[in-house]
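*Asks:* what would the 3D arrangement of this be:
(one chain, ligands or ions: 2)
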Amino acid sequence: MSKKLEEYVVTIPDFPEPGIMFRDITSVIQDPDGLKLAVDGLANLVKDTDFDLIVGPESRGFIFGVPVAYLTGKGFIPVRKKGKLPRETVSQKYDLEYGQAEVEIHVDAIKPGQKVVIVDDLIATGGSAEAAVKLVEQLGGKVVKMIFVMELAGLKGREKLKDYDVESLIVYEGK
Ligand SMILES: O=P(O)(O)OC[C@H]1O[C@H](OP(=O)(O)OP(=O)(O)O)[C@H](O)[C@@H]1O
Ligand SMILES: Nc1ncnc2[nH]cnc12
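*Replies:* Ligands and ions are numbered 1, 2, ... in the order given. Sure thing, here's the model as predicted:
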């Protein structure tokens with residue numbers, strides 16, 4: 001029998017700092033079957049969703065966001081760490097499970113009223129996803145769905161995003 005998606009995820013305790021259980025997706029995407037399960041699984045989560053664009057946060061959001069955009073026939077908009085995008089941007093600061101960051105999006109990437117799906121590898125505290133939502137909304141876009149390969153339910157990212165439709169392929173009950 002073939003392996004399930006969760007069997008491709010390797011968990012590394014105490015990375016990048018003590019107390020963090022790091023859920024690694026490199027072991028998923030290095031295997032063609034793992035990559036297919038993850039990308040097809042995400043695309044399946046939006047098969048009945050009416051949307052215009054995929055937005056993916058740097059960097060692991062790019063890995064999954066681009067193939068899902070390709071499969072669903074949509075464009076891909078990157079949310080990047082501060083200072084990387086060459087044209088005019090809007091920016092947003094946020095807290096991570098470990099550390100702080102600031103992200104940006106091109107101001108001309110989303111037109112008012114466009115419907116957006118946010119794609120990332122993982123939702124932990126929800127800080128990155130919430131920052132991406134704020135960027136989309138600053139530009140007048142509407143977030144119609146947020147999809148993740150993995151969710152660390154114990155970190156309660158969903159509570160931060162309770163007004164949004166959030167779905168994940170794998171849910172870990174702890175952190
Ligand atoms: O829900 P949160 O607490 O915000 O955590 C989840 C985010 O953290 C990771 O990205 P990270 O910022 O570490 O960057 P990377 O993708 O470049 O590794 C992950 O890819 C998510 O984007
Ligand atoms: N525990 C975790 N594993 C992998 N990526 C993460 N990003 C934030 N928390 C994480």
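
*Asks:* contact residues of the protein facing ligand 1?
*Replies:* Applying CB under 6 Å from any ligand atom, we find that the chain lies next to ligand 1 at 57-61, 96-97, 101, 120-129, 157. From N, CA and C alone the C-beta is placed, and that goes for glycine too.

*Asks:* any weak-confidence spans in this structure?
*Replies:* 1, 97-98 (pLDDT under 70).

*Asks:* just the strands in it please.
*Replies:* 10-13, 21-24, 53-57, 75-81, 89-95, 100-106, 115-123, 142-152, 166-172 (DSSP state E).

*Asks:* ok, the longest one: who's next to it in the sheet?
*Replies:* Spelled out, it's strand 142-152. strand 115-123 (parallel), strand 166-172 (parallel) (DSSP bridges).

*Asks:* okay, the angle between it and strand 53-57?
*Replies:* Using axes from the mean of the first three to the mean of the last three CA atoms, to 10 degrees, the direction of strand 142-152 lies 40 degrees away from that of strand 53-57.

*Asks:* thinking again about what came up before, mind putting the strands paired with strand 142-152 into JSON lines with mean neighbour count?
*Replies:* As requested, the strands paired with strand 142-152 are exported to JSON lines (neighbours: other CB atoms under 10 Å):
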{"stretch": "strand 115-123", "mean neighbour count": "26"}
{"stretch": "strand 166-172", "mean neighbour count": "18"}
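
*Asks:* and residue 36, which of those is closest to it?
*Replies:* Closest approach to residue 36 among these (CB to CB): strand 166-172, 12.5 Å.

*Asks:* hang on, the earlier thing: okay, the strands of the chain in TSV with distance to residue 68 next?
*Replies:* Shown next, in TSV, are the strands of the chain (distance: least, CB to CB, whole Å):
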stretch	distance to residue 68
strand 10-13	22
strand 21-24	19
strand 53-57	6
strand 75-81	8
strand 89-95	22
strand 100-106	18
strand 115-123	5
strand 142-152	8
strand 166-172	12
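
*Asks:* nearest to residue 66, out of those?
*Replies:* The nearest among the strands of the chain, by CB to CB, is strand 75-81 at 5.1 Å.

*Asks:* and the closest one, what does it pack onto?
*Replies:* strand 53-57, helix 60-72, strand 100-106, helix 127-138 (3 or more CB pairs under 8 Å, 6 or more residues apart in numbering; DSSP states H and E).

*Asks:* circling back to that earlier point, ok, of the residues of the chain next to ligand 1, which come out buried?
*Replies:* Among the residues of the chain next to ligand 1, those classed as buried by 16 or more other CB atoms under 10 Å are 57-58, 60-61, 97, 101, 120-129, 157.

*Asks:* nearest residue to the middle of this protein?
*Replies:* residue 120 (1.5 Å; CA atoms, centre = their mean).
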